[in-house]
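J.: predicted model and sequence follow; I will ask about them next.
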Amino acid sequence: MNIYAIPPLISAILLLVFGLFVLFKNTKLKINITCALSCFSACVWLIGYSLMYNSKDEKTALFWARFGYNGVIFIPIFAYHFVLSLFGIKRRTTTIILVYLMVIPFLIANQTNYFLLGMYVYFWGYYPKVGFIYIYFVLFFAIIFLRCTALSYISMKEKKGKSPLQYNQAKYVLLAFAIASTSVIDYVQNYGIEIYPWGYISATGWFILMVIAVTKHRLMDISVAITRTGIFIAVYTLVLGLPFAVAFWLKSWLIELSGPSWWMLPLGLMAVLATVGPFIYIYIDRRAEARLLKEQRRYQEILKQASLGMTRIRNLRKLLDLITHIVTKTVKISYAAIYLYNSETDEYVLQISRDKGRMSVPKLASNNPLISWIVNRREPILYEEVKRQAQEYFDADYQLLEENMRLLTASVIIPSFVENNFIGFIVLGDKLSGQIYTPEDLSIFQVLASQAALAIENAQFYEEAKEMQEQIGQAEKMATIGTMADGLSHQINNRFYALSLIAGDTIDTIKMADTSKCTPEVREMINDINHALQRIQTNVIQGGEVVKGILKYTRKGEEGLTAVSLDEILDGTLEMVQYKIKLSEIDIIRDYPKDITKINGNLIQLQEAFFNFIDNAYDAIVERRTLLKEEGYRGRITVSAHPKDTALEIVVEDNGIGIQDDQAKKIFTPFFTTKTSSRKGTGLGLYVLKRIITDTHKGKIAFESGYKVGTRFILELPVAK
């Protein structure tokens, strides 16, 4: 066995493995097919040359040379088709077919002396002499390769700043063609110049980079790729070149020393170097990477340290702000945002974003395809990968993913899990440097997201505990009010009783008095006083009912529900509310038929509820009038109603200032008020109102509101049987 025939054979086997790997990764894509065919054609070339070097006679050597050139002839057109497919460059089918047809004359010529004349005998074995047609093939090969290089460069320029993945792929292909160009040294031996042909090393490096460009979506940094390729070639040259040098320079001495077995020493040296070579490569590669990726390793270490300190932060807003600040400033990212799950709305809601110039998507539903994908895969999603899959497969799922990621302006999405609980995700934009996200970056981001998930859960728990403590305090206040209610009601009822006695005695006195001798003016005044005293007595009775209503919040008792009409409720309400608000400033509209179904309810309590509706609506109207100063604006409160199954649906609507979104969730919370001055509201009105509707009357209450638009309360109260 000729030891010079071994390296090309090893390269051929490597290229065969690469080609099969790429092909079986996806047997339908043109990119994979053309890349695999390029590998196979180079494999044919190197197998032919390995057997040519090992041939014992010129005829056999010429046969294997022609066999090898059958592969060489196809390399440029497969490479050209590969470049077109990789960068999505459109060409007419007829153009591609024409390029393929151009190799037929060379295949035919390869079987004649016009292409290969005969064989040289060099120290490494036989090598072909070439005929006059061969020079045309070399020109054809060079033109195709230059065209491939130009297309790769144009694609790289077009994708810069737009598609980091394809930009990086273009750089890989350019580097591959630059390495392949060094194999031009193999042509000079065809003209009698005895220089060892090492083009198989260039070819192996070329195809390795092409395979990376196809199969590695999360590509390594190009400087690292260049360094690794250089180290690979250097070590490969050492492992294979040193034994060849020993065999070439020391052949005579080895023959004298060992006789016919002289080749055993170079072969043994090759075996030793082949064993040590991988360790040398790994050592040099690590040292080189440490220098090249110094900046990347620096920010990755910062992110690691930051992730460890997050769990000490209790304020959720500060925590989220810290996460986005560290990521954008340390890694130098154009945009970052965090979405967290909201169990009340079953949505993933935007909590914070950095980059004021972008329009962020405010929320995503839990059934969004992007959310489903994250939950199933539990790994980072890169936009470039999704976009490539959507374009190549025309898959509806990938297209929906691509659309959602584009709307989010996401270059990568990092999911955040606590065990199996998906709490949210981090959206990252492009790197300002235009570089891609490497596998190492994504690993660090996943560590950061995991630590952030724990920190967020802790902060949420802390805020919930704090809110619960506030609610407990509010409940204690309500319990205190309940405890005081009995004593207070007794004292208030005593005052009411005294007022009732005084009013009653005065009315009796007026009735017994002789007013016939009084002037008309005096008699009119006495009548007004009598009417006022009668109203005092009526309100004293109603006041007593209010006290009874308060007691019903603190202890169980008779509900006292009867059939009451909506008109009765509103009449009594307006009679009470006129002493607090100026009814002349607003319009109160009753939008329901007079004979509408009666409600099964407590008249006094329902009047108290509607008192709160109208009182709050009036305050909202005044606030809008003061704040917005709209010309021609007039307050309006509309009460409408219609039967709904076994209930009466009542809508109380105003055109006041409305309620802001962040206040809407607290609207029925005790002691919470939206009024502009804390002295104007206690925060108990709507809380008590809700209890009247839901607890006492077993009804329902909901509300809708738009800030600077108005508010509408929707009630459902059971109808009287």
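T.: Cool, the structure landed. Note that the structure is a prediction, hence the values are computed from the model and not measured.

J.: okay, the residue with the largest distance to the centre of the chain: pLDDT?
T.: Within the chain, the residue lying farthest from the chain centre (Cα atoms, centre = their mean) is Lys517, at 91.1 Å. We have a pLDDT of 76 for Lys517.

J.: next, give phi and psi for it.
T.: Here is the backbone geometry of Lys517 (degrees, to the nearest 10): phi -90, psi 0.

J.: same thing with the one 10 residues further on?
T.: Listed backbone geometry of Asn527 is phi -60, psi -40, with angles given as degrees, to the nearest 10.

J.: next, count neighbours for it.
T.: Counted with other Cβ atoms under 10 Å, residues neighbouring Asn527 total 12. All C-beta atoms are positioned from the backbone trio N, CA, C, and that covers glycine.

J.: correct me, but Val327 touches Leu428?
T.: Yes - the pair Val327 / Leu428 is scored as a contact, 6.8 Å apart, by Cβ atoms under 8 Å.

J.: higher neighbour count, those two?
T.: Using other Cβ under 10 Å, the more surrounded residue of Val327 and Leu428 is Leu428, with 26 against 23.

J.: now do that one against Pro128, distance only.
T.: 55 Å (Cβ to Cβ, to the nearest Å).

J.: cool, and Pro76?
T.: Between Pro76 and Pro128 the computed distance is 18 Å (Cβ to Cβ).

J.: with Gly658 instead?
T.: When distance is defined by Cβ to Cβ, Gly658 is 89 Å away from Pro128.

J.: now do Arg358
T.: 62 Å.

J.: can you map out the strands along the stretch 51-200 of the chain?
T.: Ranges of strands in the stretch 51-200 of the chain, per DSSP state E, counting those that start in this stretch, are 116-122, 125-130.

J.: between Val327 and Leu428, which contacts overlap?
T.: Ile333, Ala336, Phe445 (Cβ atoms under 8 Å, 6 or more residues apart in numbering).

J.: list the beta-bridge partners for the first one.
T.: According to DSSP bridges, Lys431 are recorded as the beta-bridge partners of Ile333.

J.: wait, it touches Leu432, no?
T.: Yes - in terms of Cβ under 8 Å, Ile333 counts as a neighbour of Leu432; the distance is 6.9 Å.

J.: more neighbours: those two, which one.
T.: Ile333 (21 against 11).

J.: contacts only, for the more buried one.
T.: Val327, Leu428, Gly429, Asp430, Lys431, Leu432.

J.: could you count how many residues lie near the closest residue to Ser55 other than its chain neighbours?
T.: What sits nearest to Ser55 in space, not counting adjacent residues and going by Cβ to Cβ, 6 or more residues apart in numbering, is Ala61, at 3.8 Å. If you count neighbours by other Cβ under 10 Å, Ala61 ends up with 24.

J.: am I right that Gly656 falls within a helix?
T.: No - read with DSSP: H, G, I helix; E, B strand; the rest coil, Gly656 is coil and lies in no helix.

J.: can you give me the pLDDT of it?
T.: 93.

J.: phi and psi next, for Thr515.
T.: phi -110, psi 10.

J.: which SSE is Val522 in?
T.: helix 520-554 (DSSP states H and E).

J.: what's the first helix or strand after that helix?
T.: Next element after helix 520-554 (DSSP H and E): strand 562-564.

J.: run through who's touching that next one.
T.: Lys598, Ile599, Asn600, Gly601, Asn602, Leu603, Leu606, Ala720.

J.: check the offset of it from the chain's centre.
T.: When distances are taken as Cα atoms, centre = their mean, to the nearest Å, strand 562-564 is centred 56 Å away from the chain's centroid.

J.: so that it lines up with my notes, have the first residue be 36 from now on.
T.: Will do, 36 is the new start, and the previous item becomes strand 597-599.

J.: tell me which residues of that strand come out buried.
T.: Neighbour-count burial for strand 597-599 flags Val599 (criterion: 16 or more other Cβ atoms under 10 Å).

J.: helix or strand next in line after that strand, which one?
T.: Following strand 597-599 in sequence, per DSSP H and E, is helix 601-612.

J.: for the protein, what helix or strand is lowest in average pLDDT?
T.: Lowest by mean pLDDT, DSSP states H and E among the helices and strands of the chain is helix 329-344, with a mean of 61.

J.: helices or strands up against the helix or strand following that one?
T.: Heading C-terminal from helix 329-344, the first helix or strand you meet, by DSSP H and E, is helix 351-366. Applying 3 or more Cβ pairs under 8 Å, 6 or more residues apart in numbering; DSSP states H and E, one finds that helix 351-366 contacts helix 329-344, strand 371-377, strand 382-389, strand 456-463, helix 474-547.
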